[in-house]
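> Based on what follows, work out the 3D shape:
(2 chains)
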There are 2 protein chains.
Amino acid sequence: MIDCSFLIKAASCLYYTQQITKDIMKAFSEYSALIEKNIRDLEFPGGELTSLYEPIAYGMSAGGKRLRPALMLMTADAFGGNAEAAFRAAAGIEMFHNFTLLHDDVMDNSDTRRGRPSVHAKWDVNTAILSGDTMLTLATQLISDVEDAKLRKVLDTFNDMAIRVYEGQRLDMDFETRDDVTIDDYIRMIMDKTGALIGASAKIGAIIGGASDEDASRMYEYGMMLGVAFQIQDDWLDVFGDSNTFGKPIGGDINNNKKSFLLLSGLADKGAEGIALGEAMKLTAGDTKVKVVTRLYEKMGISEICKKEIARYVSRALAALRKINLGEEEKEPYKKLLDKLTGRKK
Amino acid sequence: MIDCSFLIKAASCLYYTQQITKDIMKAFSEYSALIEKNIRDLEFPGGELTSLYEPIAYGMSAGGKRLRPALMLMTADAFGGNAEAAFRAAAGIEMFHNFTLLHDDVMDNSDTRRGRPSVHAKWDVNTAILSGDTMLTLATQLISDVEDAKLRKVLDTFNDMAIRVYEGQRLDMDFETRDDVTIDDYIRMIMDKTGALIGASAKIGAIIGGASDEDASRMYEYGMMLGVAFQIQDDWLDVFGDSNTFGKPIGGDINNNKKSFLLLSGLADKGAEGIALGEAMKLTAGDTKVKVVTRLYEKMGISEICKKEIARYVSRALAALRKINLGEEEKEPYKKLLDKLTGRKK
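Residues are numbered from 1 along each chain as shown, chains lettered A, B, ... in the order given. Alright, predicted model coming up:
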């Protein structure tokens, strides 16, 4: 903490603070590494409670790019020059994200997660439910570890986000048995299920960093639009990605009849190819189905539709970013992050 | 709000406040009725989100005595003369309680709850998981609806309690497959699983009412001890209760080989009857097993052991109550509540 209380030193002190901010502002990958270490340092009770906490430690150790907490740290740093003030809250947002993975894997009956058995597969469904519940409360505790003056805003942002995530998951599950899902329905669903969490990560970082309410809202908008672009990219990778780097089998969405952005875009075509796609989706799951549907997507130019839609959300994220009261240098990592996440091959 | 800021009116104002407190302080059953109405007034989103929120409304409409929120209201009233300030938080504590019921019923595979199908039986397991998650966040939102100066304490009490409840549920599940569970283990487990929630209900009411930290802690102790006595009574009723009023089939714990206070007390007897009880527990579930085990309990005087243990926790609750800085009249409903819950026939 730099003592700025002597007015006579104010000018040089301000200069010094800016220097420090510049020194501290890092590339996204560095915040990722910071939070990774921080998460590794979390300690959980053992003894007879190992059965409750070991699955939590397991879930948290799965790695990944730590997008949400790293974005939070980066944003606390951009506004306040103090990423450390957001360490606990950032661990909390990652804890929340992992809680949703535990429960989603039960609901979706997914036995693997990032190349390892999911929690309910490694232990059992009851463990995934109860350790997941525990993670939600642990997440709330970690998120609340901010100064008193910021508690209400941080907590409200967190809880409102959580409700949107559940609503998104519910819509996603209900889409499975509905045959009237539109692209607008889909966008609304991924805004809730994916966008809200990334938006809240950025916003909470902004609040902790001392941003104005307006800038905090714009950061939310940036994260939300980033999240939507990211999800459409993820849908695209599920069909056109590289199986060596994507981490999931290619064509999983096709075989699971998932109402992805690609499928809904294809079915929106009321011509011969759209009808053929509808028929192809009735095929039995397997390599042939994946090949036939992928070929139809290619013929219909679905990749181009995806790229256009991604570009639309990227430009909305950039528009939000432009309005934010930060220097161009502080905004640079946010632009790079957009490129990184929407241009990714994996 | 009575304006007490004029010093010249201080004495009469104090008198007036006391009058109001007396007028407002009600019997427990009246707080119960108050919160019942309050819970009925909760509104949930409909439309395409009906599938998420209808099971929540269903869970919350099951009734019961509303012990936890009514205790919270009563305590906010006892200290602050203002039950209304705790309305939202009280609905939150009931929401939390009902969230645990949704998930516990999945984990315990219980298809009925208070004479109706449980949520996973009426809808499905995924619905019980996801609507339960939503209830936990809704509960946190409701609990947080207190004045800013009290938010940190209320939230910390709530989250610490939630963690204890999960730990208690985990221990309870693990007890099923352990054969070394002691009575001390059992008491620790019900302190976590049942006592902590009742304790936190009283403590949060005290915080909202403006009690000192010491009195808030004593209220927690009162609720914790009440909870333990209540649970042992519940175990006893499961064997010796009246099937018309208990709400669950008599002998359920015996047929499920549940490590209840009665069974653990019986098995602690290393003589002939203790051994016979161990053998009787190996019988196939059914009326005969219930009869044989109940007869052994009677022979061993397990009812007297239960009554003694209940009395021990009731006297600890009374000891906590004695130290609390409230008038005798304000303490009266707490004594009656102890009688009501530990002398109950149903």
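> My read is that residue A:130 contacts residue B:169, right?
Yes. Counting by CB atoms under 8 Å, residue B:169 is a contact partner of residue A:130 at 6.0 Å. In short, each C-beta sits where N, CA and C put it, glycine included.
> Which residues are in contact with each of those two?
Both residue A:130 and residue B:169 are in contact with residue B:107, where contact means CB atoms under 8 Å, 6 or more residues apart in numbering or on different chains.
> got a list of contacts for stretch A:123-141?
Residues from elsewhere that reach stretch A:123-141 (CB under 8 Å, 6+ apart): A:51-53, A:55-56, A:59, A:92-93, A:95-96, A:98-99, A:102-103, A:105-106, A:118-120, A:155, A:158, A:162, B:103, B:106-107, B:129, B:132-133, B:136-137, B:140, B:155, B:159, B:162-163, B:166, B:169-170, B:173.
> where's the residue positioned nearest the centre of chain A, which helix or strand?
For chain A, the residue nearest the mean C-alpha position is residue A:198 (4.7 Å; CA atoms, centre = their mean). Assigned by DSSP states H and E, residue A:198 falls within helix A:196-209.
> Surely residue A:64 is in a strand?
No. Counting by DSSP: H, G, I helix; E, B strand; the rest coil, residue A:64 is not part of a strand but coil.
> so what pLDDT did the closest residue to it other than its chain neighbours get?
Computed as CB to CB, 6 or more residues apart in numbering or on different chains, the closest residue to residue A:64 that is not its neighbour in sequence is residue A:114, at 6.5 Å. pLDDT for residue A:114: 88.
> my read: residue A:114 touches residue A:61, true?
No. Residue A:114 is beyond contact range of residue A:61, at 10.1 Å (criterion: CB under 8 Å).
> how about residue A:326, secondary structure?
Under the three-state scheme (three-state DSSP), residue A:326 adopts coil.
> How confident is the prediction for it, by pLDDT?
Note on residue A:326: pLDDT of 97.
> how much space between it and residue A:67?
Using CB to CB, to the nearest Å, residue A:326 is found at 20 Å from residue A:67.
> State the number of residues packed around the residue nearest to residue A:64.
Residue A:114 has 11 neighbouring residues, counting by other CB atoms under 10 Å in any protein chain shown.
> Provide the backbone phi and psi angles at it.
Dihedral pair for residue A:114: phi 50, psi 40, per degrees, to the nearest 10.
> What about residue A:291, how many residues nearby?
Look at residue A:291: counted by other CB under 10 Å, it has 14 neighbours.
> In what element of secondary structure is it found?
Assigned by DSSP H and E, residue A:291 falls within helix A:287-300.
> Could you list the buried residues of that helix?
Neighbour-count burial for helix A:287-300, counted by 16 or more other CB atoms under 10 Å in any protein chain shown, picks out A:289-290, A:292-294, A:296-297, A:300.
> What of stretch A:77-96?
Quick answer for stretch A:77-96 (16+ other CB under 10 Å): A:77-83, A:85-96.
> Also stretch A:39-57?
So for stretch A:39-57, counting by 16+ other CB under 10 Å, buried means A:39, A:42, A:49, A:52-57.
> Report the two of those residues separated the most.
Pairwise distances among the buried residues of stretch A:39-57 were taken by CB to CB; the largest, 19.7 Å, belongs to A:39 and A:49.
> Verify the contact between the residue nearest to the centre of chain A and residue A:69 for me.
No. Taking contacts as CB under 8 Å, residue A:198 lies outside contact range of residue A:69: 11.0 Å.
> tell me which element residue A:332 falls in.
Element membership of residue A:332 [criterion: DSSP H and E] is helix A:328-342.
> That helix packs against which elements?
If contacts are counted by 3 or more CB pairs under 8 Å, 6 or more residues apart in numbering or on different chains; DSSP states H and E, helix A:328-342 sits against helix A:28-40, helix A:67-80, helix A:213-240, helix A:302-323.
> Mind doing that once more with 7 Å?
Helices and strands touching helix A:328-342, by 3 or more CB pairs under 7 Å, 6 or more residues apart in numbering or on different chains; DSSP states H and E, are helix A:28-40, helix A:213-240, helix A:302-323.
> Among those helices, show me which one is buried the most.
Ranked by mean neighbour count, the helices and strands packed on helix A:328-342 are led by helix A:213-240 with a mean of 23 (mean count of other CB atoms under 10 Å in any protein chain shown).
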